[in-house]
Each structure stands twice: as C-alpha cells, then as structure tokens.
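A.B. asks: This is a predicted model, with the sequence first.
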Amino acid sequence: MNATPRVLAVLHGLLASAAPDERGALWHLSEPGRELDANLVRLPPGSEVGEHQEDILDVLLVVLEGGGVVRTGGGALDLVPSTVTWLPRTSRRALAAGPDGLTYLTVHRRRPGLAIKPPSGADEGGESPCLLDRVCPECGRLSPDPAPVFCSRCGERFPEA
C-alpha cells in the first residue's frame with residue numbers, strides 16, 4: 001500500500017483561530033497507521049509543565065510563538081520562536097512559559113499502546129487495574145507515571161487524589 005502525502009494542518013491558521021486564552025493541546029496528529037505523534041501546545045503566561053522524565057521517547061520541541069525556558073539537570077535553555085530543542089529520552093526536564101506564553105510543537109515516535117498482561121505463568125482471573133487517575137483530563141493522554149502531577153503532552157495539572 002502506498003500512502004499519499006497530504007497537508008494535515010496549517011499551524012498559523014490554527015493559532016489564529018484559537019481563542020487567546022485557549023490552552024493545552026490545540027491540535028494533535030491522529031491519522032491511523034502513523035508511526036509519529038505530534039502535538040501543538042499552548043501554555044499561558046507564567047504556566048509550567050512540571051519536572052518529568054520521558055524514559056521511552058526522544059522528543060523534538062519547536063517553539064512557534066512566545067517564549068520560556070526548559071529547565072534541565074544541566075541548567076536552563078532559553079526558548080524563543082524558531083528554537084528547535086531535542087529532549088532526549090531519560091532526560092529530566094520542566095517547561096516554563098514566559099510573559100507572552102509559550103506555543104510549541106512536539107514531535108516524537110508514536111508510543112506503543114499500553115497492554116496489561118498477567119505475570120508469566122499466571123493463569124488467575126481478576127480485573128485489570130483502573131488507570132483513570134493517570135488519564136489527562138484535558139487531552140486524554142495516559143501518563144506512564146504512576147502518580148502524575150502534570151501531563152507531558154499538554155501541561156495540564158492532574159487532579160489531586
């Protein structure tokens with residue numbers, strides 16, 4: 001099967017049509033059969049995505065509007081429009097939007113779907129564990145963190161348990 005390239009979004013148009021106070025994921029790649037994920041995220045002035053670590057995926061972050069910083073174990077990296085930042089897997093990082101907010105695009109390999117499997121050799125029944133406390137209320141992403149504070153996709157704070 002040959003796939004046909006096509007335009008999926010015009011980011012300038014998406015940003016122009018979004019309400020000024022709209023935050024979180026404004027767009028995400030959702031085509032079936034894809035091997036990539038991409039998200040257009042807007043953080044309001046002064047907001048943050050708390051410190052987290054992505055153990056599986058490298059992430060490319062491209063700043064489109066506004067500015068801010070990525071705080072890492074090695075210091076702070078300034079983010080300004082057109083900055084392309086590599087966030088390697090296993091790196092700890094936190095994002096902070098500046099006074100004009102921060103709008104960025106993230107691109108990474110598609111995360112494989114989660115599967116709950118019994119331990120090897122187990123043949124007992126039972127219910128699967130409930131993971132609803134790990135689903136972001138804003139964008140619906142399932143966090144790999146067992147006790148998430150902020151969503152690594154859109155920056156939304158998880159409700160306290």
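C.D. replies: Great, that's in hand.

A.B. asks: Tell me the spacing between the residue lying closest to R92 once chain neighbours are set aside and P32.
C.D. replies: Among residues not flanking R92 along the chain, Q53 sits closest, at 4.8 Å (C-beta to C-beta, 6 or more residues apart in numbering). The C-beta positions use only the backbone N, C-alpha and C, and glycine is treated the same way. Q53 is 29 Å from P32, where distance means C-beta to C-beta, to the nearest Å.

A.B. asks: picking up where we left off before, the residue nearest to R92 touches S91, doesn't it?
C.D. replies: Yes - at 6.9 Å, Q53 counts as touching S91 under the criterion of C-beta atoms under 8 Å.

A.B. asks: between those two, which one's more packed in?
C.D. replies: S91 (17 against 13; other C-beta atoms under 10 Å).

A.B. asks: Now name the helix or strand holding L14.
C.D. replies: In the assignment (DSSP states H and E), L14 maps to helix 11-17.

A.B. asks: Can I get that helix in CSV, CA atoms only?
C.D. replies: Presented in CSV, the C-alpha positions along helix 11-17 are these (Å, rounded to 0.1, in the frame of the first residue of the first chain):
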residue,chain,number,x,y,z
LEU,A,11,-0.4,25.8,12.2
HIS,A,12,-0.6,29.6,11.6
GLY,A,13,-4.4,29.2,10.9
LEU,A,14,-4.9,27.0,13.9
LEU,A,15,-3.2,29.6,16.1
ALA,A,16,-5.1,32.5,14.6
SER,A,17,-8.4,30.8,15.1
